[in-house]
Structure formats: structure tokens, C-alpha cells
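Engineer: sharing a model prediction with you, sequence too.
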Amino acid sequence: MKVGIGRERHEGERRVAATPETVLQMTALGVEVLIESGAGVEAGHPDSAYTEAGASVVTELPLAEVDVYCHVRPLSPERAAQLHPDQITIGLAAPAAELPTVAALAQAGVTAFALELVPRISRAQSMDALTSQALVAGYRVVLEAAIRFPRFFPLYMTAAGTIPPARVLVLGAGVAGLQAIATAKRLGARVSAYDVRPASADEVTSMGGTFIALDLDAIEGVGGYARELSEDRAVRQRDLLAPHVAAADVLITTAAIPGRPAPLLVTREMVAGMRMGSVVIDLAAESGGNVEGVVAGQDVFVRTSADDGVVTLVGMKDPASTMPADASRLYAKNVANLLALMTHDGQVSPDFTDEVIAGACLTHAGEVRHAPTAAALT
Ligand code: NAD
């Protein structure tokens, strides 16, 4: 069986779906690996490294000839339409956002696996690309904040005076948020964090951060409909967060809700209420943003209300792709581990009674298997 890895087509994407290490892993499964020339260069892997690992490097991947096609970014609808029913794809698919591609995959009869859909259970952790890429993003977001911040992160006690540590506030303490807390702590900042899940308090503390508990219970029971209640809670949440945001030098937001637009946690007014020179960096910018006025891929300067200064509001874009070597190292392992789960004696044959394989399957035999995506398409 042939496994193909193409150059990523999406502009700015620097990751690759296989490394020489995972080529070794895949060939040990008894499959043949074809990789498009130059696919791994940006991630630090020249063609020669893939050849040494046992892959065949080809100028143009013969898409119709591979049994399994591994990719990073969701395929374009045009590329998905070139596939045929006997083929399997493994990669990120962003099903909620890329409905035309999902429709094209189903129409082509492809068995498509979306790494976003891998169940978040212990057994599937080694295939969990959301976690591996969020780890990279959470690290990178702190570096991006630090280079824009006009002050040090650590405390300095020098003969010329004492410089206090930066106060970093992280909103959303999932995988990326926890990594941001750990990274900011390593740089010497004083870190506090908040998440809507009270269970995250222990994780924040274990990373060296101080958990902020908000009294959101006070509004429970107000309203009557889930939507109204939710809006009330969001307003109350912003009100309670406002003093913490105003006290922060650096604000990092990472809050997300799977398959939904990111929740708005910080208004423009709250940003304007920060001190001049502060930095706000929104990791959720590409899915609508946690901060009002954020633009993915851009720095926006917000005038402070108390003085004539500015706060830099950064919309993070493609954070994992900014660290292509380690992001690819982890991502490629996720891909190879999922492939290994469905490969037996050199044959790739998904067993749909396995909850990981069934859960990760987006399309199969002309059907969209992921119920929320199927519903969105009707
Ligand atoms: P995510 O990227 O979907 O969201 C990031 C964080 O934003 C979450 O912690 C979420 O609670 C938070 N959030 C959402 N709305 C918010 C709001 N209004 N205010 C504040 N915070 C808000 O989440 P994630 O990082 O992918 O992971 C979330 C959870 O999944 C965590 O509990 C994590 O430990 C768990 N997880 C489990 C596994 C596993 O068991 N294999 C793997 C990874 C993550």
C-alpha cells in the first residue's frame, strides 16, 4: 500500500505531515511512502533525509495512485474532488469551517479522518493533534507577547534599581493556556489565569499560576432560556474580569468552544482600560476572537482611556506553523500513530468498531459520519 505526503498548498503553512522519523515508523508497518519533493524543507527536513529513511521522493505526488494521503491543512474542495472512493485521507479537516471540502470528500466517496475528531481519551492521546498543536501555540504566544512588551518579564534587582516582574493574565486554561502559563512563568512573569471550568484551577496552580475564581453563580437561574442565560453569564463574566484585565501588563486569551465561534471575553473598552504599553494577544483570533476588535494576523493599536498611550492588540494566526520543526515533529507522530492503528500486515483497513477510528472518521462510503457536520450540511 502507498502512503503519500504532499507539499502543503495553503499559503504560509510550513508544517509537514511526515518527518523522516515517522517515515521509518510507517515503512516498519509494511507500507510504501511517497513524499513530494520539498515537502519537509521548512520543517528542517531535506529530501535526502526522507530518502535515507526509506521514502520515495517524487516531483509531483501522483494523487490518484496513493492509498492513503496524509496532510496538515484541510484540503481544498478542488483537491478533495480529485480523490476516489478507495482512498483514505488523514489530516486536519476543520469540519465546522470547511463544509465545501467535507461535501467534496463525501461526494468523492473518500474515507476521510479528521484529527480534530480523535476522541480525547487516554488511549488516543498519541494521536491528538489538537493537543500537540495547542502546546506549540501556547508556547509561541508568550514569545510573541514578550517581544512586543516594552519591559522585562522577570524581576530584576540591580544596582541601578529594581524592576518588578510583568503581570501576565491568561484567559482560558486548556492545553494552550496551560502551556502559556508555564512559558510565562519560565520567563519570570507573575502569572494568573482564569477558565470557566473550575476543574482547571488545580492545573493552573500546578503550572505556577494563580487561579482567579469568579463568582458567576450569582446569576444562575436568571433568565430562563439557555441562550439568554448564556448571554447574561457572558456579560457578568466580562464585568468580573474587567479589574483583572486592567491590572495585567500582558493579557493572553485562548478560550474556545469546539465547533463554535470563540466567546467574547474582553471588550475594546476593557483593552482601552489597560496601562499604556500593555500587550493583548488573542490566540482565538482566527475563530472570531476573545477580544473585541482583534484582527487575525495583525497588530492593532488601541488608545488607552487614561492617557495618550496605546495597547498592542495582536491577532495570532497560524501559531503552530510559526514553529514548523517541532510542530511537525509532534503532528507527524499523531498522523503516524493513527495510521498504525488501522494498519495490519501492511494493509490499511480501518476497523470501525474501534472508538478512536470511528470517532475520527469524517466521511466514509459517500456519507458524512460526523453527526454535527452532517447536520450542518443539510
Ligand atoms: P479548547 O481549546 O476548546 O478551549 C480552551 C479553553 O477555553 C478551555 O479550557 C475552555 O474551558 C476555555 N473556555 C471556553 N469558554 C470560556 C469562557 N467563556 N471563559 C473562560 N474560558 C473558557 O480546549 P482544549 O485546550 O482543547 O482542552 C479543553 C479540555 O480538554 C481540558 O480539560 C483538557 O484537559 C482536556 N483534554 C483532554 C485530553 C485527553 O483526555 N486526551 C486531551 C486534551 C485536552
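Structural biologist: Looks like it arrived, so ask away.

Engineer: can you list contacts of stretch 132-147?
Structural biologist: 153, 168, 174-180, 182-184, 187, 250, 252, 254, 279, 281, 283, 314, 316, 319-320, 322-323, 326-327, 330-331, 333-334 (C-beta atoms under 8 Å, 6 or more residues apart in numbering). Yep, even glycine has a C-beta here, placed from its N, CA and C like the rest.

Engineer: and those near the ligand, which?
Structural biologist: Intersecting these with the contacts of the ligand gives 174, 175, 176, 177, 254 (criterion: C-beta under 6 Å from any ligand atom).

Engineer: on that earlier part again, tell me which of the contacts of stretch 132-147 fall in strands.
Structural biologist: With DSSP state E as the criterion, strands contain 168, 250, 252, 279, 281, 314 from among those.

Engineer: could the residues you listed go into CSV alongside pLDDT and neighbour count?
Structural biologist: Formatted as CSV, the ones in strands among the contacts of stretch 132-147 follow (pLDDT from 0 to 100; neighbours: other C-beta atoms under 10 Å):
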residue, pLDDT, neighbour count
168, 98, 28
250, 98, 27
252, 98, 31
279, 98, 25
281, 98, 28
314, 98, 24
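
Engineer: tell me which of these is nearest to the ligand?
Structural biologist: residue 252 (11.7 Å; C-beta to the nearest ligand atom).

Engineer: so that closest one touches residue 278, yeah?
Structural biologist: No. The pair formed by residue 252 and residue 278 falls short of the contact definition of C-beta atoms under 8 Å, at 11.6 Å.

Engineer: residues of this structure that sit close to the ligand?
Structural biologist: 120-121, 125, 128, 130-131, 134, 171-177, 195-197, 200, 254-258, 263, 265.

Engineer: strands - which of the residues you listed land there?
Structural biologist: Assignment to strands by DSSP E places the following of the residues of the chain next to the ligand there: residue 171.

Engineer: contacting residues for the residue nearest to residue 38 when sequence neighbours are not counted?
Structural biologist: Nearest residue to residue 38, sequence neighbours excluded (C-beta to C-beta, 6 or more residues apart in numbering): residue 7, at 5.8 Å. The contact partners of residue 7, taken as C-beta under 8 Å, 6+ apart, are 36, 37, 38, 39, 61.

Engineer: any idea how far the ligand is from the first one?
Structural biologist: Which is residue 36. With distances taken as C-beta to the nearest ligand atom, to the nearest Å, residue 36 is found 30 Å from the ligand.

Engineer: pLDDT wise, what is that residue at?
Structural biologist: For residue 36, the model assigns a pLDDT of 98.

Engineer: please report how far it lies from residue 8.
Structural biologist: Distance from residue 36 to residue 8, counting by C-beta to C-beta, to the nearest Å: 10 Å.
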